[in-house]
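Participant: this one's structure only:
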């Protein structure tokens, strides 16, 4: 799991330092692009550290079967739906109201930071990672 997290971090920094990256035609879109990227990364880290682990959120926990009370397929679909929905809404709001792009980006960055913090908390509390 640590290898996966380090790999994702490496890919993220390598992509950020790519030499042929063209700037956005309208720089205010960069707020939304960065915010969505951080939000998706934070949500992915939370998902990766919660996979098949006991889940306190009843909306994400399996309700029956072998993985009752744990994050498994249903919770994964819901997490992906939340992340995808936030992405779509962010771009729609930025398209409809261009003056809100900075604040939408900041909101997405905050959500990504929250989910990354939850992921680090999962790692700290779970004996699997020790």
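Facilitator: Good, I have the coordinates. Everything quoted here is computed from the prediction, not taken from an experiment. Numbers count the residues shown, from 1 in each chain.

Participant: Mind telling me what element residue 89 is part of?
Facilitator: Element membership of residue 89 [criterion: DSSP states H and E] is helix 73-96.

Participant: Run through the neighbouring helices and strands of that helix.
Facilitator: helix 29-50, helix 101-125 (3 or more C-beta pairs under 8 Å, 6 or more residues apart in numbering; DSSP states H and E). For the C-beta atoms, the positions are set from N, CA and C on the backbone; glycine is no exception.

Participant: counting contacts, what elements does the first one pack onto?
Facilitator: Identification of packing neighbours for helix 29-50 by 3+ C-beta pairs under 8 Å, 6+ apart yields helix 2-16, helix 73-96, helix 101-125.

Participant: chain center to stretch 28-40: distance?
Facilitator: 11 Å (C-alpha atoms, centre = their mean, to the nearest Å).

Participant: Quick check: mean pLDDT of that stretch?
Facilitator: What stretch 28-40 shows for mean pLDDT is 93.

Participant: buried set for stretch 86-100?
Facilitator: If you call a residue buried by 16 or more other C-beta atoms under 10 Å, then stretch 86-100 has these buried ones: 86, 87, 90, 91, 93, 94, 100.

Participant: List of residues touching it?
Facilitator: For stretch 86-100, contacts defined as C-beta atoms under 8 Å, 6 or more residues apart in numbering pick out 28-29, 32, 35-36, 39-40, 101, 104-105, 107-108, 111.

Participant: which among those residues end up buried?
Facilitator: Going by neighbour count (16+ other C-beta under 10 Å), those have 29, 32, 35, 36, 39, 40, 101, 104, 105, 107, 108, 111 buried.
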